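[1] Give me the fold of what follows.
(one chain, ligands or ions: 1)
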Amino acid sequence: MNAILYRCYGSAEVLKLEQAAKPVPADDQLLVRVHASSVNPLDWHFMRGEPYIMRMQAGFGAPKDARMGVDFSGTVEQVGKSVTRFKVGDEVFGGASGAFGQYVTVRESRGVAKKPANVSHEQAAAVPIAAVTALQALRDQAKVSAGKKVLVNGASGGVGTYAVQLAKVLGANVTGVCSTRNVEMVASLGADRVYDYKNVDFVTKGDRYDVIIDTVGNRDLRDLQKVLEPGGTAVIIGGPSDGPWLGALKIPLKILFYKPFADGDFKFFLAQLNQQDLEYLASLMESGQMKSVIDKTYPLAEVPAAVAYQEEGHARGKVVIKVQ
Ligand SMILES: NC(=O)c1ccc[n+]([C@@H]2O[C@H](COP(=O)([O-])OP(=O)(O)OC[C@H]3O[C@@H](n4cnc5c(N)ncnc54)[C@H](OP(=O)(O)O)[C@@H]3O)[C@@H](O)[C@H]2O)c1
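    Here you go, the predicted model:
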C-alpha cells in the first residue's frame, strides 16, 4: 500500500510517500481502508520528535514507528475472529497509528465508531483528536452546563471550532477569540460574541467567564485569572512550542506554581480517544449540531505540505488528507 513514512526526525521533508506492507488485523482488530485523514499538531510533534521528552516513547535517535497520522475515516475491509460490533463494509472513523496511509488496523473496543451515512469521510476524518479534545475539556474538565459563560481562546483552530459548537450544544453562552479574517466563521458556528485579537484584548474588556478553554496558551495565567469568575475553571489545552525540551509540557508546571495564588481551578490534561465519545460526536454530526470546518484538503502525496501548513499555526479549522 502507499503510506507516508519517516525514518528520522526533522521538518516536513522527512515525510516520504513509500510502499509499505498492508497491515494484518489481529483477532480483535478491524482492517480499515482509509478514505480520508486529518492533520493535528500531534503529527508534527512526532515528525520533529519534539518536545524531546516524547522521544522516550517515540524513539531516541530516530522514530521507532515510521508510520504517521492518527485521524482517519474509511471502510472496514476485514475483521478479526473475535470482532462482534463491526462488519466488512461498515463506514467508520477514529484514531489509529499510520492514518497517512491506505490502510490502518484498529482494535474494535478502542478509538473507532461508525460514521453516519450523511457525513462525508472528509468531515468525519477531521473530528477525532480535535473534537474529542474539545468535548473532554468542556464536559469532563470544566463541567460546562447550561447558562455557563465560556471563553474559547483560539476559536478558529482545529480544537477551537469544535469547542465553540460543543459549548453551544451544552447550553453555554460562548465568546470566541480569533483573528479578523475568522470572526465571521466563528460567529457562524454559534458563538454569541467574537473578539478579534488583532484589535481587541479580551483581558481588558471587563467581562468574566465561568470557564476558559485556551487552545493557544499565549497568555499569562494571571491574565486569565483577571477574566475568570471566582471559583471558575480554566483549561489550557496547548501552548507555544517554547523550545524543544519541554514544549507545551511547561503548562502543567506553570499551573503547579500558580495554583497557590489562583482563585479557581487551572488545568492541563491530555485527551483520550474512546469509542463512547466518538459515537456521541457522530450523533451530533448526524443531527447537524456539529460540523467540521475544513480549511484545505491535500492528496496523500502532499502530506508534507499539509503538515507544514498545519505547523504554521493558522489553519482555519482542520487540514484534511484525501487518501483514496
Ligand atoms: N492537551 C491535549 O490533549 C491536546 C489535544 C489536541 C491539541 N492540543 C494542543 O492544542 C493546541 C491547539 O490545537 P489545534 O489543533 O486547535 O491547533 P490549530 O488548528 O493549529 O490552531 C490554530 C488556530 O490558532 C489560532 N491562533 C493563533 N494565534 C492566536 C492568538 N494569539 N489568539 C487566538 N487565536 C490564535 C489561529 O487563528 P488565526 O489564524 O486567526 O491566528 C488558528 O485558527 C495545540 O497546541 C495542540 O498541540 C492538545
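[2] rest of the way, CA atoms for contacts and neighbours
    Noted.
[3] Counting by contacts, list what the helix or strand encompassing Ile255 packs against.
    Element membership of Ile255 [criterion: DSSP states H and E] is helix 250-258. Contact analysis of helix 250-258 by 3 or more CA pairs under 8 Å, 6 or more residues apart in numbering; DSSP states H and E lists strand 264-267 as its packing neighbours.
[4] State the mean pLDDT of the strand it packs on.
    For strand 264-267, mean pLDDT rounds to 97.
[5] ok, and what's touching the helix or strand following it?
    Using DSSP H and E, the next helix or strand after strand 264-267 towards the C-terminus is helix 275-286. Under the contact criterion CA atoms under 8 Å, 6 or more residues apart in numbering, helix 275-286 has outside partners 94, 109-119, 128, 131-132, 135, 290-291.
[6] Out of those residues, which end up buried?
    By neighbour count, with 16 or more other CA atoms under 10 Å, the contacts of helix 275-286 hold 94, 110-116, 119, 128, 131-132, 135, 290-291 as buried.
[7] about what we covered before: just the CA coordinates of the helix holding Ile255, formatted as PDB?
    Extracted in PDB, the C-alpha atoms of helix 250-258 (Å, rounded to 0.1, in the frame of the first residue of the first chain):
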ATOM      1  CA  LYS A 250       5.700  23.500  30.600                       C
ATOM      2  CA  ILE A 251       2.000  24.300  31.100                       C
ATOM      3  CA  PRO A 252       1.400  21.900  33.900                       C
ATOM      4  CA  LEU A 253       4.500  23.200  35.600                       C
ATOM      5  CA  LYS A 254       3.300  26.800  35.300                       C
ATOM      6  CA  ILE A 255      -0.100  25.700  36.700                       C
ATOM      7  CA  LEU A 256       1.600  24.000  39.600                       C
ATOM      8  CA  PHE A 257       3.500  27.100  40.600                       C
ATOM      9  CA  TYR A 258       0.400  29.400  40.000                       C
END
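[8] Check whether it comes near the ligand.
    No. Applying CA under 6 Å from any ligand atom, one finds helix 250-258 separated from the ligand by no less than 10.0 Å.
[9] chain center to that helix, what's the gap?
    From the chain centre to the centre of helix 250-258 is a distance of 22 Å (CA atoms, centre = their mean, to the nearest Å).
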